[in-house]
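A.B. asks: Sequence below, structure please.
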Amino acid sequence: MSSAASHATVAGPLQAAAEISFGVLLLLGLLTRPVALAAFLFLTSLWVSEWGTAWIWELLVPMIAAFSIMVGGAGRKWGIDAKLARKYPRIPLW
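C.D. replies: Numbers count the residues shown, from 1 in each chain. The predicted structure is shown next:
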């Protein structure tokens, strides 16, 4: 934690950029499942880093939502992924 705190001037903007990117990509429906996996892993790392300092349930709901998006059929009806899946059906990213 002290290492993360000492590099907060770099880590803070990177965390903000990651969170904003996750939200924008999920709203657009672009690379929905890989972004949901990245969001799930990011939220999991935040959850683990807060053990013993914060309420244990506070990040579980967003983690479950990201996991559900990742394993479900997200991005198959609307969004950019649906158009890309029709155009390139063999690529497993969509």
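A.B. asks: What is the subsequent helix or strand relative to the one helix or strand in the chain whose mean pLDDT sits lowest?
C.D. replies: Here the helix or strand of the chain ranked lowest by mean pLDDT, DSSP states H and E is helix 2-6, holding a mean of 82. Note on helix 2-6: by DSSP states H and E, the next helix or strand toward the C-terminus is helix 8-28.
A.B. asks: where's the closest residue to residue 80 other than its chain neighbours relative to residue 94, distance?
C.D. replies: Nearest residue to residue 80 in three dimensions, chain neighbours excluded: residue 30, at 4.3 Å (C-beta to C-beta, 6 or more residues apart in numbering). Placement of C-beta: from N, CA and C, glycine included. Distance, residue 30 to residue 94, by C-beta to C-beta, to the nearest Å: 9 Å.
A.B. asks: Next: residue 18.
C.D. replies: From residue 18 to residue 94 the distance is 22 Å (C-beta to C-beta).
A.B. asks: got it, and residue 84?
C.D. replies: Residue 84 is 5 Å from residue 94, by C-beta to C-beta.
A.B. asks: Compare those two (neighbour count), which wins?
C.D. replies: Between residue 84 and residue 94, counted using other C-beta atoms under 10 Å, the more crowded position is residue 94 (23 against 17).
A.B. asks: how far away is the more buried one from residue 66?
C.D. replies: Taking C-beta to C-beta, one finds residue 94 at 18 Å from residue 66.
A.B. asks: what sits against the residue sitting nearest the centre point of the chain?
C.D. replies: Central residue of the chain (C-alpha atoms, centre = their mean): residue 39, 1.6 Å from the mean position. Contact partners of residue 39, counting by C-beta atoms under 8 Å, 6 or more residues apart in numbering, are 22, 26, 62, 66.
A.B. asks: what about 10 Å?
C.D. replies: 18-19, 21-23, 25-26, 62-63, 65-67, 69-70 (C-beta atoms under 10 Å, 6 or more residues apart in numbering).
A.B. asks: Not counting residues beside it along the chain, what's closest to residue 21?
C.D. replies: Closest to residue 21 by C-beta to C-beta, 6+ apart is residue 35, at 7.9 Å.
A.B. asks: pretty sure the one you found contacts residue 23?
C.D. replies: Yes. Under the criterion of C-beta atoms under 10 Å, residue 35 makes contact with residue 23 at 9.3 Å.
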